[in-house]
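Student: take this sequence and fold it.
(2 chains)
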Amino acid sequence: MELIPALARWLHFLAGILWIGLLYYFNFVQVPALKAAAADGTAAGITRHVAPRALLYFRWSAVVTWLAGAALLGGNFVGAFTLSKGLAGIGVGAWLGTIMLINVWVLIWPNQQKVLGLVPATDEEKNKARRVALLTSRTNMMLSLPMLFFMAGGLTHKAGFGL
Amino acid sequence: MSSDKAAIARMTRRIGAMCNQRGMTMKNPLDSIWGTIISGLVLTAILYLAVKNFLT
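Tutor: Take a look at the predicted model:
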């Protein structure tokens, strides 16, 4: 059954690009844009119409990326997560991706729901939620650099980095 | 071991005091995009060295 790993790899890449692309959109575009929009009173357009849609694709693409990655690892799943010999590189990438997925569902999404008014929250709770969501999003952006380094491992990594 | 901890605590206090004297405050690198990117690159280097030296 060569077809399942091939399809899993394709899906892992598609969903991963959507997930990390949206993560970079939030950090490079939306956060600075919201600051500027708040200054001229136009932030509601982003928080009402753009952010909820972006977050929908963001959190579900994270799940699809992880599941497709797990399917792609197949019989090497346990070996990768236990950082076995020969699988340590991809294992570190898998751990970082898993931490990022947990961050999305446990910290970013619940706090963004408060910030966007999708669940009731006081102003104080919203301010705290905004800070937690920002720092978690930045943490994921920081983790994405080594995650992509290890995930992209292949012949070039063997030649260039000895991994 | 405990003398190492005490030395680190002394050094941390001294750095904090020096920053305060110069009107500087320690900032979270994740508050800026560039701080985040530099932190990510440093973490990549650390993990790479760890994997190359201890796990391969």
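
Student: could you report the pLDDT at the nearest residue to A:Phe58 once chain neighbours are set aside?
Tutor: Closest residue in space to A:Phe58, ignoring its immediate chain neighbours: A:Leu22 at 4.3 Å, by Cβ to Cβ, 6 or more residues apart in numbering or on different chains. (Each C-beta comes from the backbone N, C-alpha and C, glycine too.) pLDDT, A:Leu22: 98.

Student: what's the host helix or strand of A:Leu22 in contact with?
Tutor: Following DSSP states H and E, one finds A:Leu22 within helix A:3-24. With contacts defined as Cβ atoms under 8 Å, 6 or more residues apart in numbering or on different chains, helix A:3-24 is touched by A:54, A:57-58, A:61-62, A:64-65, A:68-69, A:71-72, A:74, A:137, A:140-141, A:144, A:148, A:151.

Student: isn't A:Asn111 up against A:Leu135?
Tutor: No. A:Asn111 is not in contact with A:Leu135 according to Cβ atoms under 8 Å; the separation is 9.8 Å.

Student: what about those two, which has more around it?
Tutor: When neighbours are counted by other Cβ atoms under 10 Å in any protein chain shown, A:Asn111 and A:Leu135 differ, and A:Asn111 comes out ahead with 24 against 17.

Student: so how far is chain B from the more buried one?
Tutor: Distance, A:Asn111 to chain B, by Cβ to the nearest Cβ, to the nearest Å: 15 Å.

Student: give me the low-pLDDT residue ranges for chain B?
Tutor: Within chain B, the stretches with pLDDT under 70 are B:1-2, B:19-20.

Student: change it to 80
Tutor: In the predicted model, chain B carries pLDDT under 80 at residues B:1-5, B:8, B:12, B:15-26, B:56.

Student: neighbours of the closest residue to chain A within it, how many?
Tutor: Per Cβ to the nearest Cβ, B:Gly40 is where chain B lies closest to chain A, at 3.2 Å. By the measure other Cβ under 10 Å, the count of residues near B:Gly40 is 23.

Student: got it, and A:Val64?
Tutor: 16.

Student: ok, A:Gly89 next?
Tutor: Here the number of neighbours of A:Gly89 (other Cβ under 10 Å) works out to 26.

Student: any of the contacts of helix A:3-24 buried? List them.
Tutor: Among the contacts of helix A:3-24, those that count as buried by neighbour count (16 or more other Cβ atoms under 10 Å in any protein chain shown) are A:54, A:58, A:61-62, A:64-65, A:68-69, A:71-72, A:137, A:140-141, A:144, A:148, A:151.

Student: which of the residues you listed fall within strands?
Tutor: Taking DSSP state E, every one of the buried ones among the contacts of helix A:3-24 sits outside strands.

Student: ok, now which ones touch residue 55?
Tutor: With no chain named, the answer covers chain A. A:Trp109, A:Gln112, A:Leu116.

Student: oops, I was thinking of chain B
Tutor: Contacts of B:Leu55 (Cβ under 8 Å, 6+ apart): A:Leu83, A:Lys85, A:Ala88, A:Val92.

Student: what about the second one, which SS state?
Tutor: It stands for A:Lys85. Following DSSP: H, G, I helix; E, B strand; the rest coil, the label given to A:Lys85 is coil.

Student: surely it is in contact with A:Gly91?
Tutor: No. The criterion here is Cβ under 8 Å, and A:Lys85 misses it with A:Gly91 at 10.3 Å.

Student: compare those two (neighbour count), which wins?
Tutor: Using other Cβ under 10 Å, the more surrounded residue of A:Lys85 and A:Gly91 is A:Gly91, with 23 against 8.
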